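> based on what follows, work out the 3D shape:
(chains A and B)
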There are 2 protein chains.
Amino acid sequence: VIGIDWGSSGFRAYRLSETGAVVARRTAASGIASLTPTDYAAVLQQQIGDWLHDELSSPVLLSGMVGSRQGWREAPYVECPANMADLVTQLCPVDLGAGRSAQIVPGLSCRTADGIPDVMRGEETQIFGLDLPAEATLCMPGTHSKHVQVRDGRIAGFATAMTGEVFSLLKSHGLIAAMLAPADSKPEELDTAAFETGLTLSGQPGGLLHHIFSVRTRRLFNELSAEAAAHYLSGILIGHELRATAWTGQVVIVGTGVLAMRYRKAFAFLGIDADAAPEDAAATGLYRLGQLAARRTP
Amino acid sequence: VIGIDWGSSGFRAYRLSETGAVVARRTAASGIASLTPTDYAAVLQQQIGDWLHDELSSPVLLSGMVGSRQGWREAPYVECPANMADLVTQLCPVDLGAGRSAQIVPGLSCRTADGIPDVMRGEETQIFGLDLPAEATLCMPGTHSKHVQVRDGRIAGFATAMTGEVFSLLKSHGLIAAMLAPADSKPEELDTAAFETGLTLSGQPGGLLHHIFSVRTRRLFNELSAEAAAHYLSGILIGHELRATAWTGQVVIVGTGVLAMRYRKAFAFLGIDADAAPEDAAATGLYRLGQLAARRTP
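Numbering: from 1, shown residues only, chains lettered A, B, ... in the order given. Predicted coordinates:
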């Protein structure tokens, strides 16, 4: 299987052996935000033309925002609850030229009891790359974090929180931005005390729209340094995000790097046991979906 | 009394009779955001030099962001609970030239039980211009809305919600901005159905960071028009703001125009009786503080 995780800002390709091991990987900055529909086939040839040439009979799977309305071709949203087989029935073909095609993995949608819809693209492939517990709630931190209910190998439902985007907006514009140190040059060095003060505040009355104003007032009274302010704000926002979800079953943080580390600290501070998922979940998910697809269409 | 409500973006001067009637008013766009400390005396001469010349013995009071660190001179914050007399003891003089001075009304501060500070500047003057009920909670909509507890003529405490600023950030940048009609050409024509759908959602589980993502998903599934989306978002944010406060005593909306109308609709939808305050509260507050100050320093 050749699998590609193709998102808004990045391209990650995996060449996978018959047993699902990652034989080779390539990454590029060719996210879909910089491409038009006619560019995609050429980018694939440029990035992994040699793989495609070597493996003429391997299924090629694409997942992520490449299947959005702004991507190569809009793939459907499969409704939850959904398992891998449900995804494979709605793969969406795109033409690679020379009579060959690739398949875009569909996204997932779900609705709350009130009928409010939610969507994901790309995360479903990561999720099916995990060894899923029978009952779990996954936390996938990001610009748009996902909290995902998993039951017996199916994705039962999920909710998106715009935590990362709101953090970025508040850091870049307006009143709070003016209260922060100009650049967070070492984001990996978390100011734990400030972060945890923000987490604590998120559990108090008053609501998020009130709590964030305290970045200004605590700076004004010199109770918070310009350097610590972004960490404090991050704690307020992540605290609100995590407190709004019921963390049932086994809790698993799916993600790596600085952001996943912050979420691990937040869960620990809130007294919720959370495990960490392995790194190559997307590659494994693409492999498993590719295997299933190959069995369906021999 | 000559009273000036001088905020970040505007200048409103009132010439007040001995009984507190507004004899004349002048407004200008000379907000403090466009001024440096050396500009203020000249702006006053330019805008109301004739009033100052005619009324040599009248107290001149300034309120609002003119007393902030970014204003003419930083006036202190008086701690809550506070009444008018507490404000008058900490008036902050500025020099108008020719041996004359004006007085800046101090701001107010308070702290939650956890010690998180909050501040206001300008609203305290509006509040003391009202005929205050013995026990009331005031709602002062704005870029930074204030919810103010009033008890027996004192401001007991208050909380700021950044509703207006967050609305503006989400409308101007990022994922949600791309979902809205380019310009809200008729903000006074509220789409009540969309606004109330947002108010309803704000009472559901999931939290604000999740709820705002539904602007995207409902647009994606064509369940919300580009024109209605901003009104829906406004309902979500105002709903979260209002639901986070305990509205005890008489509820009074202090404000005018389109925004106050939205808040009136929101309170009605949430089943909370709310009255509306008169328009000239700032002028009356400046008059009352000026009278008190004149009695102190004859």
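
> so how far is stretch A:145-161 off the chain centroid?
12 Å (CA atoms, centre = their mean, to the nearest Å).

> low-confidence ranges, the stretch 51-200 of chain A, go.
For the stretch 51-200 of chain A, the stretches with pLDDT under 70 are A:183-188.

> which bits of it sit near chain B?
With CB under 8 Å from any CB of the partner chain as the criterion, the stretch 51-200 of chain A meets chain B at residues A:69, A:109, A:112, A:114, A:116-119, A:144, A:159-163, A:165-166, A:168-170, A:172-175, A:200. Where C-beta positions appear, they are placed from N, C-alpha and C, glycine not excepted.

> and residue A:57, what element?
Using DSSP states H and E, residue A:57 falls within no helix or strand.

> roughly how far apart are it and chain B?
The gap separating residue A:57 from chain B is 36 Å, by CB to the nearest CB, to the nearest Å.

> and residue A:136, that's in a helix?
No - counting by DSSP: H, G, I helix; E, B strand; the rest coil, residue A:136 is not found in a helix; it is strand.

> what number of residues lie near it?
For residue A:136, the neighbour count with other CB atoms under 10 Å in any protein chain shown is 19.

> so what pairs up with it in the strands?
Beta-bridge partners recorded for residue A:136 (DSSP bridges): residue A:150, residue A:250.

> contacts only, for it.
Contacts for residue A:136 (CB atoms under 8 Å, 6 or more residues apart in numbering or on different chains) come out as A:149-150, A:249-252.

> of those residues - the most surrounded one?
When neighbours are counted by other CB under 10 Å, residue A:150 leads those with 24 neighbours.

> nearest spatial neighbour of residue A:101, skipping sequence neighbours?
Spatial nearest neighbour of residue A:101, excluding adjacent residues (CB to CB, 6 or more residues apart in numbering or on different chains): residue A:93 at 4.6 Å.

> could you dump the strand or helix carrying residue A:171 to CSV, C-alpha only?
Residue A:171 is part of helix A:163-172, with elements assigned from DSSP H and E. Extracted as CSV, the C-alpha positions of helix A:163-172 are listed here (Å, rounded to 0.1, in the frame of the first residue of the first chain):
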residue,chain,number,x,y,z
THR,A,163,-9.2,25.6,20.8
GLY,A,164,-6.0,26.0,18.7
GLU,A,165,-7.5,28.4,16.3
VAL,A,166,-9.0,30.6,19.1
PHE,A,167,-5.6,30.5,20.9
SER,A,168,-3.9,31.7,17.7
LEU,A,169,-6.5,34.4,17.0
LEU,A,170,-6.2,35.8,20.6
LYS,A,171,-2.4,35.7,20.4
SER,A,172,-2.3,37.5,17.1
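
> quick one: it to helix B:163-172, angle?
Calculated by axes from the mean of the first three to the mean of the last three CA atoms, to 10 degrees, helix A:163-172 forms an angle of 110 degrees with helix B:163-172.

> drop anything exposed from the residues of the stretch 51-200 of chain A next to chain B.
Burial by neighbour count, 16 or more other CB atoms under 10 Å in any protein chain shown: within those this picks out A:109, A:112, A:116-119, A:144, A:159-163, A:165-166, A:169-170, A:173-175, A:200.

> I figured residue A:158 was touching residue A:108, is that so?
Yes - using CB atoms under 8 Å, residue A:158 makes contact with residue A:108 at a distance of 7.4 Å.

> how deep is residue A:134 tucked in, by neighbour count?
Residue A:134: 10 neighbours (other CB under 10 Å).

> residue A:31 now?
By the criterion of other CB under 10 Å, residue A:31 has 16 neighbours.

> gap between it and chain B?
In terms of CB to the nearest CB, residue A:31 sits 15 Å off from chain B.

> once you drop chain neighbours, what's closest to that residue?
In space, and not counting its chain neighbours, residue A:31 is closest to residue A:9: 3.9 Å by CB to CB, 6+ apart.

> OK, contacts around that neighbour?
Residue A:9 makes contact with A:29, A:31, A:33, according to CB under 8 Å, 6+ apart.

> tabulate those residues (a markdown table), appending secondary structure and pLDDT.
Listed next are the contacts of residue A:9 as a markdown table, based on DSSP: H, G, I helix; E, B strand; the rest coil; pLDDT from 0 to 100:
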| residue | secondary structure | pLDDT |
| --- | --- | --- |
| A:29 | coil | 92 |
| A:31 | coil | 91 |
| A:33 | helix | 89 |
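
> where along the stretch 51-200 of chain A do the strands fall?
Assignment of strands within the stretch 51-200 of chain A using DSSP state E, counting those that start in this stretch yields the ranges A:60-63, A:77-79, A:92-97, A:100-104, A:107-111, A:117-120, A:135-140, A:145-151, A:154-161.

> just name the most buried of these.
Of those, the one with the most neighbours on average (mean count of other CB atoms under 10 Å in any protein chain shown) is strand A:60-63, at a mean of 27.

> which residues are contacting that one?
By CB under 8 Å, 6+ apart, the residues outside strand A:60-63 that reach it are A:1-6, A:52, A:72, A:91, A:94, A:96, A:100-105, A:121-122, A:124-125, A:282, A:285-286, A:289-290, A:293.

> what subset of those residues is buried?
Buried members of the contacts of strand A:60-63, scored by 16+ other CB under 10 Å, are A:1-6, A:52, A:72, A:91, A:94, A:102-105, A:121-122, A:124-125, A:282, A:285-286, A:289-290, A:293.

> in helices, which of those fall?
With DSSP state H as the criterion, helices contain A:52, A:124-125, A:282, A:285-286, A:289-290, A:293 from among the buried ones among the contacts of strand A:60-63.

> related to what we said a few turns ago, list residues touching both of residue A:158 and residue A:108?
Common neighbours of residue A:158 and residue A:108 (criterion: CB under 8 Å, 6+ apart): A:80, A:120, A:123.

> which one among those residues gets closest to chain B?
The nearest member of those to chain B, counting by CB to the nearest CB, is residue A:120 at 10.3 Å.

> tell me the one among the ones in helices among the buried ones among the contacts of strand A:60-63 nearest to residue A:242.
For those, the residue nearest residue A:242 by CB to CB is residue A:124; the value is 21.7 Å.

> next up, the contacts around that closest one.
By CB under 8 Å, 6+ apart, residue A:124 lies in contact with A:63, A:82, A:87, A:105, A:107-108, A:155, A:285.

> kindly recompute the last result at 7 Å.
Residue A:124 makes contacts with A:87, A:107-108, A:155, as judged by CB atoms under 7 Å, 6 or more residues apart in numbering or on different chains.

> residue A:25 too?
A:12-14.

> how about residue A:8?
Per CB under 7 Å, 6+ apart, neighbours of residue A:8: A:31-33, A:65.

> any idea how far stretch A:137-144 is from the chain center?
6 Å.
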